[in-house]
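1. turn this into a model:
(3 chains)
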Amino acid sequence: MDAIILQILNGLDKGSAYALIALGLTLIFGTLGVVNFAHGALFMIGAFCAVTLSKLLKLSHTVIDETRTDFLGNPLKVEVPYVYDIFGQSTGDAIIDWAVPLSILFAIPIMILVGVIMERGLIKHFYKRPHADQILVTFGLAIVLQEIIKYYYGANPIPTPAPQAFVGSFDFGALVGFEPGQIIYPYWRLVYFTFAAVIIGAVFAFLQFTTFGMVVRAGMADRETVGLLGINIDKRFTIMFGLAAAVAGLAGVMYTPINSPNYHMGMDFLVLSFVVVVVGGMGSLPGAVLAGFLLGILESFASMREVIDIIPGINQVIIYLVAIVILLTRPRGLMGRKGVMED
Amino acid sequence: MFGLDKKDASLLLIVAALVAFAPFLLNPFPEGSAMAQFNAGYPDLMQRFVIFGIFAIGFNILFGLTGYLSFGHAAFLGVGSYAAVWMFKLLSMNVLPAIILAVITSGIFALVIGYVSLRRSGIYFSILTLAFAQMSFALAYSVLTPITGGETGLQLALDDPRILGSATTAEGNIPVPGLFGLEMRDSAELMFGNWVFTFNVGYYFAAIVMLLSFYLAIRIFRSPFGMMLRAVKSNQQRLNYTGLNPRPYTLAAFVISGMYAGLAGGLMASMDPLAGAERMFWTASGEVVLMTILGGVGTLIGPVLGAGMIKYMENIISKINSDILHSWFAFLPDGLEDLIVTMIYPFIGKGWHLTLGIVFMLVVIFLPGGLVEGGQRVAKLFGRKKADETKSAKTEPAE
Amino acid sequence: MGLLEVKDVNKRFGGLQALGNVNLSVAENSCHAIIGPNGAGKSTLLNCLVGKLIPDTGSVMFDGQSVLGRTPFEINQMGISRVFQTPEIFGDLTVMENMLIPCFARRDGSFALHGIRSVMSEGELRDQAEAMLDDVNMLDKRNMHSASMSRGDKRRLEMAMCLVQNPKLLLLDEPTAGMARADTNNTIDLLKEIKEKRNITIAIIEHDMHVVFSLAERITVLAQGTPLVEDTPENIKGHPKVKEAYLGEAA
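-> Below is the predicted model:
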């Protein structure tokens, strides 16, 4: 029992990332009808927003500390981050420590900007082109974006730790009444899951309860009719693209403490997120979230030693296997609507 | 000629001539000159030109004719490579049985994957093929290690059984692949002043195979079968209501293009007898898509051009470094020189993927017909009459 | 026993009874029109005949064989060709290639792997295709890219593609929808000529009463998924039930 709960918990953080990326992918697909292969790159850019901010916060200048000397007896030179000068040492330390959560504020405007530029500058011109062309041009864009990141940040993963308060694990099992020591869960993963749940909830609430969201949902159902009503859906769709980019970016920001970001992380997640979208059903938002968590948890179950002993290698292929089975038995995915992407 | 009409026959002859004289054409600069780094006439690279040409020609039969975009074609190339290396290990170092087995294995593999994937179309088909290829990659990397060699890849060893042939050479080394005594790695060099031209057995063998594949592709394009495939792309509904079943046509195209990929994989293993799982990774599948699009999807010559172009860029651009850049722009004032070098630097050396991505995007946006369409447009700029000639020579293959 | 026998066909979409107990018999060598107001189930019925939809109950017999459960291409191979409301042709192919595909389908069946022989060497099929193109006055357009033609030409091409198969039954779905009067009359003449020359059976769905009364020998009126009356054009014209069904839509 506790082993099962542990695996479910382990699956949640990866599932959260899949769900957040897939949500944006399917939002873009549902509203704009565009298959965006560069969506993984947005996730990656988000992660590098966190890297950038924590680097920026650590920018420092050299100060000579007269009170101390180095081993040669000269006055000691110390690197003092600029944040110390502004906020004082203790607040400054706290800010540096909280770089990753703070990056959320930093990443939102950047991601929306990136999203809007991408939509206005490139994607817009591909609405009427075949899906194959959309896949190809966004695939090209993904290569370009990741190469740019690689150029500036190098090819190696850059460790970006979580705030001290969230480093380490806690005994989840003991909390809910199991034997202590059986279900140990890292704090940050819980934070990530909660964060993802909040974002997903916010996106759904936004689409459900605002007029803007209503129009977007109507547009997802029938774009032409909404256009005929005299509503400028193009503008709304641009905003939608920015929003989807922000969601992917935030997923990336918060993922940095779990996996040190590298330039190809976007592509790694993209392939799986696409599978998630397809399993959930193209254009279905609840489907994307459901499939994201489902596949994340399945993947973590398949990685159990007991399972691998029975079916070797299953952890490597489980997601693809599930995708193949679902696509063949339920062509529209778990919750797909009729008439979406059916030739 | 060869059952081709005049235009196709001349296209084939032109390609044959280019391939035959490639060791000269690709080495236009004398050794030791500043431009020598642009020479591409060394065996390893030339082999890759033709082998990836075969891969792309086959991919184009599927994507170019039927419009089904497979994102998992590298799996077939990988399977072909493994099959060929196993043939070297178990049977003999002759490349023919290895290549034949590579083609058959990948064909069977493609039949299974195609049978399942082709039940869906559009993006779903792309995702299914991607899923299968990624699965193959993951399995080859981990569980199937006894067959695939896992992370290290499948290599020849001194204790291979090799039924028809010796386990080791007289000197105690592992024998090399050959064709009835001709070793693939053998080369002849021709010195001509400062020019050195290399004629490699492996290259010419692969080139002949490529020409045969190209010829077969022309026949397929011009056949009723090819016409049906284009009809699949154009309007499947009409095809259905015209009494034709699209499924076996697309499956046949899928298997044929899978066999082309397997052939390329087998040749790759014949040039250098090892095979690794990374050949099946989805970026490798993406690469053949890039080649086909860059050259001109659905045209005969396009994929060959695209494959050559990308492999050339990969080898040449990635070799340029900042010293070379500085030497090129040394004639400029220092500040300007540095500025230009700094501007170009991200696009060369390790940054060649960036260049590739940008070129690819530009092609998709502005030149959906690839280099072939670009050629036509350029030709159009040069006078009416000339344009007509070039157009007929180049658009016809598209039909 | 007619060439096409539809018996007690029912089809529901959720709560909507699209077809209710439809019976229809199309006699060999006749021209049978199916008319009815919008939403009467004409297209649903047509889709049931060609294998796009499968009726919930009932039977559809063609030439003594059931078509139910067969795919569209199998039904076409049995001898039913369909012309769509908006022309469905192979837009990326030339007119001649468009014509050759049905020729191959008739000669080789639903699949044949002729991967090596050139299309150019198929002299006999090319002759057939050219003769048919000549019949519809499109021989001069044979090398044209078919997507670039006018809508009227596309429809003629589609008709020619169906006819070159020598179908036993030709299904026409509003063949004159959106056409100018002159084009409509041309189409009527063409259809009449085809029918006399080739002795084929035609089933036609049409809104334009002018077309219906110029061509049809029998007319079935469909309303709310059920056949109202079936009779000759003369008797249909003044039929009170028909007027009621159309109520203002009447021609």
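
2. nearest residue to the residue positioned nearest the centre of chain A other than its sequence neighbours?
-> Centroid-nearest residue in chain A, with C-alpha atoms, centre = their mean: A:Ala251, separated by 2.5 Å. Among residues not flanking A:Ala251 along the chain, A:Leu20 sits closest, at 3.6 Å (C-beta to C-beta, 6 or more residues apart in numbering or on different chains). C-beta: built from backbone N, CA, C; applies to glycine.

3. and residue 59, how many neighbours?
-> Went with chain A since none was named. 10 (other C-beta atoms under 10 Å in any protein chain shown).

4. think we crossed wires, I meant chain C
-> Residues within reach of C:Ser59, counting by other C-beta under 10 Å, total 13.

5. and what of C:Asp56?
-> Neighbours of C:Asp56 (other C-beta under 10 Å): 14.

6. wait, it sits on C:Arg12?
-> Yes: applying C-beta atoms under 8 Å as the test, C:Asp56 and C:Arg12 come out as touching, 5.9 Å apart.

7. and the stretch 151-300 of chain A, which of its residues are near chain B?
-> Residues of the stretch 151-300 of chain A lying close to chain B by C-beta under 8 Å from any C-beta of the partner chain are A:Tyr151, A:Met267, A:Val271, A:Phe274, A:Val275, A:Val278, A:Met282.

8. residue contacts, the residue nearest to A:Ala251?
-> Contact analysis of A:Leu20 by C-beta atoms under 8 Å, 6 or more residues apart in numbering or on different chains lists A:Ala196, A:Ile199, A:Ile200, A:Val247, A:Ala248, A:Leu250, A:Ala251, A:Gly292.

9. rerun at 10 Å
-> A:43, A:46, A:192, A:195-196, A:199-200, A:203, A:244, A:247-252, A:254-255, A:269, A:273, A:288-289, A:292 (C-beta atoms under 10 Å, 6 or more residues apart in numbering or on different chains).

10. residues shared between the contacts of C:Asp56 and C:Arg12?
-> C:Ala18, C:Leu19.

11. of the contacts of A:Leu20, which belong to helices?
-> Counted as lying in helices by DSSP state H, out of the contacts of A:Leu20, are A:43, A:46, A:192, A:195-196, A:199-200, A:203, A:244, A:247-252, A:254-255, A:269, A:273, A:288-289, A:292.

12. B:Thr283: which of the residues of the stretch 151-300 of chain A next to chain B is nearest?
-> Using C-beta to C-beta, A:Met267 comes nearest to B:Thr283 of those, at 7.8 Å.

13. quick check: buried residues in the helix or strand hosting that closest one?
-> Following DSSP states H and E, one finds A:Met267 within helix A:265-280. For helix A:265-280, a neighbour-count test (16 or more other C-beta atoms under 10 Å in any protein chain shown) marks A:265-267, A:269-280 as buried.

14. using PDB, list the CA coordinates for that helix.
-> This file holds the C-alpha atoms of helix A:265-280, laid out as PDB (Å, rounded to 0.1, in the frame of the first residue of the first chain):
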ATOM      1  CA  MET A 265      15.300  19.600 -21.900                       C
ATOM      2  CA  GLY A 266      12.500  21.200 -23.900                       C
ATOM      3  CA  MET A 267      12.800  18.600 -26.700                       C
ATOM      4  CA  ASP A 268      12.900  15.800 -24.200                       C
ATOM      5  CA  PHE A 269       9.700  16.900 -22.600                       C
ATOM      6  CA  LEU A 270       8.100  17.900 -25.900                       C
ATOM      7  CA  VAL A 271       8.000  14.500 -27.400                       C
ATOM      8  CA  LEU A 272       6.400  13.100 -24.300                       C
ATOM      9  CA  SER A 273       4.000  16.000 -24.000                       C
ATOM     10  CA  PHE A 274       2.800  15.500 -27.500                       C
ATOM     11  CA  VAL A 275       2.100  11.900 -26.600                       C
ATOM     12  CA  VAL A 276       0.300  13.200 -23.600                       C
ATOM     13  CA  VAL A 277      -1.800  15.500 -25.700                       C
ATOM     14  CA  VAL A 278      -2.700  12.800 -28.200                       C
ATOM     15  CA  VAL A 279      -3.600  10.400 -25.400                       C
ATOM     16  CA  GLY A 280      -5.700  13.000 -23.700                       C
END
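
15. many thanks, have a good one.
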